[in-house]
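Enquirer: build me a structure from this.
(one chain, ligands or ions: 1)
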Amino acid sequence: MNHKASDNLQDLQYFGEFGGVNPSVSDSSTYTFLSAKKMFDTFEGNTEGCYLYTRHSSPSNLYLGEALSALEGTETANVTASGMGAITAVIMQLCDAEDHIISSRTIYGGTYAFMKNFLKKFNVETSFVDITKIEAVEKAITPKTKMIYCESVSNPLLEVADIKALATLAKKHDIPLVVDNTFSPLSISPAKLGADIVIHSLTKFINGTSDCVAGVVCGSTAFCLGLKDVNHGAGMLLGSTLDSLRAASILKNMRTLHIRMKKHSENAHYLAWNFEKDGLRVVYPSLKSHSGHEVIKGLMNHEYGFGGLMTIDVGSLEKANALMELMQKKKLGYLAVSLGFYKTLFSAPGTSTSSEIPIEEQKEMGLSNGLIRFSIGLDHDIHRTYGMMRDCMVQLNILNAKTSMV
Ligand SMILES: *Cc1c(COP(=O)(O)O)cnc(C)c1O
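Expert: Below you'll find the model as predicted:
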């Protein structure tokens, strides 16, 4: 039987310097060599078993990388100082000036801005496509295309990429498929479905405590070593290095990831199902009304559920803002961007995390002003939460007191 990602994580075992059950934290930026020859060899790229300088690697960062490659089932992984640090390093490593990228049009705002605006400096052009239309993706391929990029479940509209079909297409044309799996750790395993490189913002579910920013690139040993190359590696040269103390704390938080993901999913499913029944426009992949429902069922690891993200369209920005303020006042969560926290976080993506995307394009992809993105928390009693959220909606005339939309 296929080994499960959560078992792979469970099976990792480290011994600290003094036999501690947690690995020792490396508290050094630089490392001594017993011979000058060894230092020369290390610079020449023979780094096996040797630490040189923490921007290149450190024991704590390698431990965390090991856990993340076990999570995604890749040969190895490099951790970075942020999700954007991972994304930009991968793009810069794969693309030269004048090259071409095919990307889903519904992606994280920062990634979109990097591709659309920043890469102009290098004349790298990106075709933003509807990633659910495989023919449109294939049609966009040119001789200069250096990667196909998508999010497994996209931000903020929860579009589901058919990673299997995209991987088949990518292989046929010998183009790497890069997948940002930030929204669906454990529930979707892109590398097992054929993706070449898997990226996470660890800032979200994987760390889960909203206390730091970090990222990871999971991939082949050759690609990840290339990123660290002292002469040509985008990871090494752009310098997005995660601090060892943070790496150690993220590794400890990862141990509860499987429990947290199940609870996030269970709670989000409960709210989505009930609010849809109340007549609200809810987007959540477990719902039959969701455009990617069938696709995600064919891709996901079912025991972790459909994830912690959900959106509700309450009709207007004014109503969305009033509802978010009221829910915060009632302690139902925080009016904040980001996701994966123990408490529910909500924001209006059109005016916050996706504001990099021009209004016309937002409209085209179905991102309306009244849309609220929820990252559902680990609430113990989600039935009570549902009742309290409903009360807020009734008070603001989003729902009427009987169970339907106004
Ligand atoms: C937050 C996020 C990022 C960026 O990660 P940072 O850690 O903030 O740099 C990238 N992709 C997705 C899907 C995200 O949600």
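
Enquirer: CA only for contacts and neighbour counts going forward, please
Expert: Noted.

Enquirer: neighbours of residue 375, how many?
Expert: 30 (other Cα atoms under 10 Å).

Enquirer: need the pLDDT of residue 405.
Expert: For residue 405, the model assigns a pLDDT of 63.

Enquirer: please apply the same query to residue 367.
Expert: 79.

Enquirer: can you check residue 344 too?
Expert: Residue 344 is given a pLDDT of 98.

Enquirer: export the helix or strand containing residue 64 as PDB, just CAs?
Expert: In the assignment (DSSP states H and E), residue 64 maps to helix 59-72. Extracted C-alpha coordinates of helix 59-72, given in PDB (Å, rounded to 0.1, in the frame of the first residue of the first chain):
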ATOM      1  CA  PRO A  59      21.100  21.700   9.900                       C
ATOM      2  CA  SER A  60      17.800  23.100  11.100                       C
ATOM      3  CA  ASN A  61      16.800  24.100   7.600                       C
ATOM      4  CA  LEU A  62      17.700  20.700   6.300                       C
ATOM      5  CA  TYR A  63      15.600  19.000   9.000                       C
ATOM      6  CA  LEU A  64      12.600  21.100   8.000                       C
ATOM      7  CA  GLY A  65      13.300  20.400   4.400                       C
ATOM      8  CA  GLU A  66      13.400  16.700   5.000                       C
ATOM      9  CA  ALA A  67       9.900  16.800   6.700                       C
ATOM     10  CA  LEU A  68       8.500  18.800   3.800                       C
ATOM     11  CA  SER A  69       9.900  16.400   1.200                       C
ATOM     12  CA  ALA A  70       8.300  13.600   3.200                       C
ATOM     13  CA  LEU A  71       5.000  15.500   3.200                       C
ATOM     14  CA  GLU A  72       5.000  16.000  -0.600                       C
END
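
Enquirer: elements contacting whatever helix or strand comes next after it?
Expert: Next along the chain after helix 59-72, taking DSSP H and E as the criterion, comes strand 76-80. Under the contact definition 3 or more Cα pairs under 8 Å, 6 or more residues apart in numbering; DSSP states H and E, strand 76-80 sits against helix 59-72, strand 215-219, helix 221-228.

Enquirer: who in the stretch 51-200 of the chain is up against the ligand?
Expert: By Cα under 6 Å from any ligand atom, the residues of the stretch 51-200 of the chain that approach the ligand are 82, 83, 84, 108, 155, 182.

Enquirer: list the contacts for the first one?
Expert: Under the criterion of Cα atoms under 8 Å, 6 or more residues apart in numbering, the neighbours of residue 82 are 201, 202, 203, 213, 214, 215, 216, 240, 242.

Enquirer: output the lowest mean pLDDT helix or strand found in this structure.
Expert: Among the helices and strands of the chain, strand 404-405 carries the lowest confidence by mean pLDDT, DSSP states H and E, at a mean of 64.

Enquirer: in which helix or strand does residue 342 reside?
Expert: Using DSSP H and E, no helix or strand contains residue 342.

Enquirer: that one is in contact with residue 208, isn't it?
Expert: Yes - proximity of residue 342 to residue 208 meets the contact threshold set by Cα atoms under 8 Å, at 7.1 Å.

Enquirer: so what touches the longest helix seen in the chain?
Expert: Counting residues, the longest helix in the chain under DSSP state H turns out to be helix 257-277. Contact partners of helix 257-277, identified using Cα under 8 Å, 6+ apart, comprise 6, 185-186, 205-206, 208, 282-284, 286-287, 303-310, 376-379, 382, 386, 404.

Enquirer: show me what the next helix or strand along the chain from that helix pairs with in its sheet, parallel or antiparallel.
Expert: Per DSSP H and E, the first helix or strand lying C-terminal to helix 257-277 is strand 281-283. Strand pairing for strand 281-283, using DSSP bridges, gives strand 309-313 (antiparallel).

Enquirer: hmm, the partner strand touching the ligand?
Expert: No - Strand 309-313 stays clear of the ligand (Cα under 6 Å from any ligand atom), getting no nearer than 10.5 Å.

Enquirer: would you mind checking the average pLDDT for that strand?
Expert: 96.

Enquirer: same check on stretch 55-64?
Expert: 94.

Enquirer: of all residues in the stretch 101-250 of the chain, which one is closest to the ligand?
Expert: In the stretch 101-250 of the chain, the residue found nearest to the ligand is residue 201; the distance is 4.3 Å by Cα to the nearest ligand atom.

Enquirer: could you find the closest non-adjacent residue to that residue?
Expert: residue 83 (3.8 Å; Cα to Cα, 6 or more residues apart in numbering).

Enquirer: ok, how many other residues are close to the one you found?
Expert: 26.

Enquirer: contacting residues around it?
Expert: Here residue 83 is in contact with 199, 200, 201, 202, 203, 213, 214, 215, 216 (Cα under 8 Å, 6+ apart).

Enquirer: can you check residue 113 too?
Expert: Residue 113 neighbours (Cα under 8 Å, 6+ apart): 356, 357.

Enquirer: setting aside sequence neighbours, what's the nearest residue to residue 14?
Expert: Per Cα to Cα, 6+ apart, closest to residue 14 is residue 23, 5.6 Å.

Enquirer: so where does the one you found fall, helix or strand?
Expert: Using DSSP H and E, residue 23 falls outside every helix and strand.

Enquirer: picking that back up, quick one: the residue of the stretch 101-250 of the chain closest to the ligand from residue 272, how far?
Expert: 25 Å (Cα to Cα, to the nearest Å).

Enquirer: do the same with residue 195
Expert: For residue 195, the distance to residue 272 - Cα to Cα - is 29 Å.

Enquirer: and what about residue 171, helix, strand or coil?
Expert: Look at residue 171: counting by DSSP: H, G, I helix; E, B strand; the rest coil, its state is helix.

Enquirer: report how many residues lie close to it.
Expert: Residue 171, neighbours per other Cα under 10 Å, totals 14.
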